[in-house]
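Pasting a predicted model and its sequence here:
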Amino acid sequence: MSVRVLNPNAEVLNKSAALHMTINAAKGLQDVLKSNLGPKGTIKMLVGGSGDIKLTKDGNTLLKEMQIQNPTAIMIARTAVAQDDISGDGTTSTVIFIGELMKQSERCIDEGMHPRVLVDGFEIAKRATLQFLDTFKTPVVMGDEPDKEILKMVARTTLRTKLYESLADQLTDIVVNSVLCIRKPEEPIDLFMVEIMHMRHKFDVDTRLVEGLVLDHGSRHPDMKRRAENCHILTCNVSLEYEKSEINAGFFYSNADQREAMVTAERRSVDERVKKIIELKNKVCAGNDNSFVILNQKGIDPPSLDLLAREGIIALRRAKRRNMERLVLACGGEAVNSVDDLTPDCLGWAGLVYEHVLGEEKYTFVEQVKNPHSCTILIKGPNDHTIAQIKDAVRDGLRSVKNTLEDECVVLGAGAFEVAARQHLMNVVKKTVQGRAQLGVEAFANALLVVPKTLAENAGLDTQDVIISLTSEHDKGNVVGLNLQDGEPIDPQLTGIFDNYSVKRQLINSGPVIASQLLLVDEVIRAGRNMRKPT
Amino acid sequence: MGYSMQPYGIQSMLKEGYRHLSGLDEAVIKNIEACKELSTITRTSLGPNGMNKMVINHLDKLFVTSDAATIVNELEIQHPAAKILVLAARAQQEEIGDGANLTISFAGELLQNAEELIRMGLHPSEIISGYIKATNKTVEILEQLVESGSETMDVRNKEEVVFRMRAAVASKQFGQEEIICSLVADACIQVCPKNPTNFNVDNVRVAKLLGGGLHNSCIVRGMVLKSDAVGSIKKMEKAKVAVFAGGVDTSATETKGTILIHSASQLENYAKTEEAKVEELIKAVAESGAKVIVSGGPVGEMALHFCERYKIMVLKISSKFELRRFCRTAGAVAHLKLSRPSPDDLGYVDSISVEEIGGVTVTIARNEEGGNSISTVVLRGSTDSILDDLERAVDDGVNTYKAMCRDSRIVPGAAATEIELAQRLKEYANAETGLDKYAITKYAESFEFVPKTLADNAGLNAMEIIAALYTGHGSGNTKLGIDLEEGACKDASETKVWDLFATKLFALKYASDAACTVLRVDQIIMAKQAGGPNRAAAAAAGAGGDED
């Protein structure tokens, strides 16, 4: 072979061998992820190198944690990860859709078709499906007061595929409320404003939404109050600790008195800053029993803490940077970088600040804030893997709500869209296509069915029965999805199963692209220098 | 190696050394087996007649205990599924502090029964849905079984406390529960704050001193420190205490200081001014009325000298947390630097003295009147492992106290509750239609392992006991339990074996949760074992780092 002549160490696969390798890899990946899809999917257990456990149903997590080596599989996995980055959901669907496209193509290619023709068919089908999606979607008006019910349905659909039912239903409310909480008119939603905090405590069903903030550290002084009501919150980024000078400085003294003077002088500037804060506290708290809380991004050293504690101020040091931003949104006020021009306007407000100690860990809750634009989802669970699982699910749930708000439309779920799109492709689009590209369209249409098929398979239903009953209902003009409980067709609109428009769009866009690329590969060459082990 | 040689499927896609298990036989059944193994280990330690285990951990430390939490912690379980059980037990231990064994054994039993169902042909998802239904029903029944009148209790009444604590302590130290319970109850009641729900287990300390026997153990209202006083004054009565967190010495600047000396006389003078400064400080402390100085840092030679002169006892507590506790005991406010303390910041102790107990020098700080914040249980025993085991029993007792402060409801112990649950669940299962029925029945049967194990461990005939229990419960005696001493069935209210409702509830829920999680997994992907130092060693090294 020509490459061998140029480089005798090169490994080459050509023509059908290359094609089969890619097809096999795609099918293999599909097999792995297939059992994850849908609410009835099973859980996978990933055991890390150090024996740590991770349980997941999320395709994205699985692909990230599984260190895949096969080049084709990596390409598919990357598409899936891109899917997750853009829409936050639908990774599993992407992988199995690509796998199915490859499987359908294999059949055609075995019958002697040229991949190029198939690819042309895919392209036509893709465009047609996207157009169809736009007519099929259900628009939702998102005014100032979004329809909470529809958001809940979308969130529920997403969450139920990640967690078991009762927990998913509980999280639905939490997720929807938290997104609505941070939503500001005329501004894109920034999901980072939802803090996700976890505590290893109690049960997974104790997960709740905190309207305010939860910080994962506590005050460092034994005499500070553990609980305060009606608090003024000072969010600041001021160093309240002695900082050594940059240059190598030293003191010279010749008696103990002088040294004492040095000790006090050294601390003076820090003490003055603390005093300014205390002055402000006295100003706002005089004559009432309000409390004062300082949340500082920089450090507060023990002598300063001591001074503050004596004034009854709660001070937290080394708050996380991201929390500073959230604090301002949650409590109001503004973050100050200097104590020179402190005014009561800089202060935020919280009805309740308290510390919760859990074993060695301390948590500070800032609650009962006015008009919050930031909130915290407090995840609880008895062990780390449960928490990790919920965390992944919450992330996806938040994304789905955000997507709905931005798309202003949803798509019927439970396989209804896929079946309808297939009918559309087979009955309408195929007839408009000339020549052999028709077969490509057909393959694409059949590949779409993989979603309801897999859903049925995971629920332990008979795949063929399900597909036939679904398609016949669609032929009659009813848009139906699959009821996973009994395998009968149902109306997704009534049961509230909705998917994100953007997820489906991305799926249909990226799936065929990568499948086409893979189909058009006719040679795989490994000839580069091996980076791992020099030989 | 060519690509065409690669195998089909997932194995080809993973890195070298990765293992992939999937399907019923490979994953589910294997997981169940592993969990069963684990629960057979812990099971024999269940109950008052449970056997002790001797575990030697990777640091060659010897444990002799029947405390399941300790056993599984030291076993360092590697198998992922078994680890889920361990995590459940750990959660139980952290949440309630007792009942870890029940959690593991019950989860093991549930899985064992699930295996039978799988072999019968049920799908794991059906078993899970059955188990979840059964768990919900169990919680419901358990609430009905709560002894009426137990919702309210006086947490300061020793009898009531001991009454609820006995079973928990007895399962760790059978035969000695009376002594331990009374000690723990005394200690707990002493430190119980006004609002009992704020009870902090940290306020009951345990001091283990080798020698003597359990009957020598006692309670100290205050603290027992395993250290000597720094100076020569070893005893002080009715003394005011000043606490300095930063050490008792001459003050120093953060920046490096250098003494600038030009002549010999200056050198002499410097020493003198230094001395005068320290004396001034110590004198100020002495004048404030303090007779005891407690330091969190080093005590300078010179400072010590002046302390002796002003007849001040000096004590060094280097642990930050211990120092905080001391502050609470004495009601003192810690100062950072050596300075004149204001009268409000001074603490008070009735007596503070250095004593020698069993060859160990300890400093005992007592505070009879105001000392309601810390109490110490001084445990005596002949060997370290006995002491460790006693300590765990005390810990369980204290945790039980904490749990009862929050929820004082109790249910009959000695397997009475379990049999009743089993019986009622079976009735519930019979009324159920569909495949869940089998799973619920098995769930109910799983409860039988408690009386079975209790009887087995006590050397009784388990079958006879269970049969007798069922007959008793069938005829409406819901409190019939096992009397292990007589080997017969007896009313739990007669034998006075009561368990806390919260302990049972959490144990059962965690166990069911863990069992369902194990059943839900159908694929396992294992990474290659990471090389380098093993994780436990790394964790131990990490824990040694600074905490504050």
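Sure, I can see it. Note that the structure is a prediction, hence the values are computed from the model and not measured.

can I see the domain layout of the chain?
Picked chain A for this. As assigned by the TED database, chain A contains the domains A:3-139+A:411-526, A:213-371.

wrong one, chain B
When chain B is cut into domains by the TED database, you get B:10-148+B:412-527, B:222-253+B:266-371.

Leaving out the residues flanking it, which one is nearest to the residue in the stretch 351-500 of chain B that chain A sits nearest to?
Closest residue of the stretch 351-500 of chain B to chain A, C-beta to the nearest C-beta: residue B:435 (11.2 Å). (Each C-beta comes from the backbone N, C-alpha and C, glycine too.) Leaving aside its chain neighbours, residue B:435 sits nearest to residue B:126 (4.7 Å; criterion: C-beta to C-beta, 6 or more residues apart in numbering or on different chains).

Checking my notes, the one you found in a helix, right?
Yes. Applying DSSP: H, G, I helix; E, B strand; the rest coil, one finds residue B:126 inside a helix.

Tell me who's in contact with it.
The contact partners of residue B:126, taken as C-beta atoms under 8 Å, 6 or more residues apart in numbering or on different chains, are B:435-436, B:439.

which outside residues touch the helix or strand hosting residue A:174?
For residue A:174, the element it lies in under DSSP states H and E is helix A:165-182. Helix A:165-182 is contacted from outside by A:39, A:146, A:148, A:151-152, A:155-156, A:159-160, A:162-163, A:189-191, A:193-194, A:204-205, A:207-209, A:211, A:329, A:372-375, A:377, A:390, A:393-394, A:397-398, A:401-402, A:405, using C-beta under 8 Å, 6+ apart.

quick one: least confident helix or strand in chain A?
helix A:2-6 (a mean of 66; mean pLDDT, DSSP states H and E).

tell me the secondary structure for the residue nearest the centre of chain A?
Nearest residue to the geometric centre of chain A (C-alpha atoms, centre = their mean): residue A:395, 3.3 Å. Under three-state DSSP, residue A:395 falls in the helix class.

So which elements touch the helix or strand residue B:451 falls within?
Per DSSP H and E, residue B:451 falls inside helix B:449-457. Packing partners of helix B:449-457 (3 or more C-beta pairs under 8 Å, 6 or more residues apart in numbering or on different chains; DSSP states H and E): helix B:100-120, helix B:416-431, helix B:462-474, strand B:480-483.

okay, those in TSV with distance to chain A next?
TSV is the format used below for the helices and strands packed on helix B:449-457 (distance: least, C-beta to the nearest C-beta, whole Å):
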stretch	distance to chain A
helix B:100-120	10
helix B:416-431	19
helix B:462-474	29
strand B:480-483	28
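
out of these, deepest packed?
Mean neighbour count (mean count of other C-beta atoms under 10 Å in any protein chain shown) peaks for strand B:480-483 among these, with a mean of 26.

pull the CA atoms of it into CSV?
Provided in CSV are the C-alpha atoms of strand B:480-483 (Å, rounded to 0.1, in the frame of the first residue of the first chain):
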residue,chain,number,x,y,z
LEU,B,480,-43.6,-9.7,72.9
GLY,B,481,-39.8,-9.9,72.5
ILE,B,482,-37.0,-12.2,73.4
ASP,B,483,-35.7,-12.4,76.9
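
Pairing partners for it, with directions?
strand B:488-491 (antiparallel) (DSSP bridges).

Any buried residues in the very next helix or strand once past the strand it pairs with, and which?
With elements assigned by DSSP H and E, the helix or strand that comes after strand B:488-491 is helix B:492-495. Residues B:492, B:495 are the ones in helix B:492-495 that count as buried (16 or more other C-beta atoms under 10 Å in any protein chain shown).

residues in contact with the helix or strand following helix B:492-495?
Using DSSP H and E, the next helix or strand after helix B:492-495 towards the C-terminus is strand B:498-500. Contacting residues not belonging to strand B:498-500 are listed as B:96, B:98, B:147, B:163-164, B:166-168, B:400, B:403-404, B:407, B:409-413, B:417, B:492 [C-beta under 8 Å, 6+ apart].

Please repeat the previous calculation with a cut-off of 6 Å.
For strand B:498-500, contacts defined as C-beta atoms under 6 Å, 6 or more residues apart in numbering or on different chains pick out B:164, B:167, B:403-404, B:410-411, B:413.
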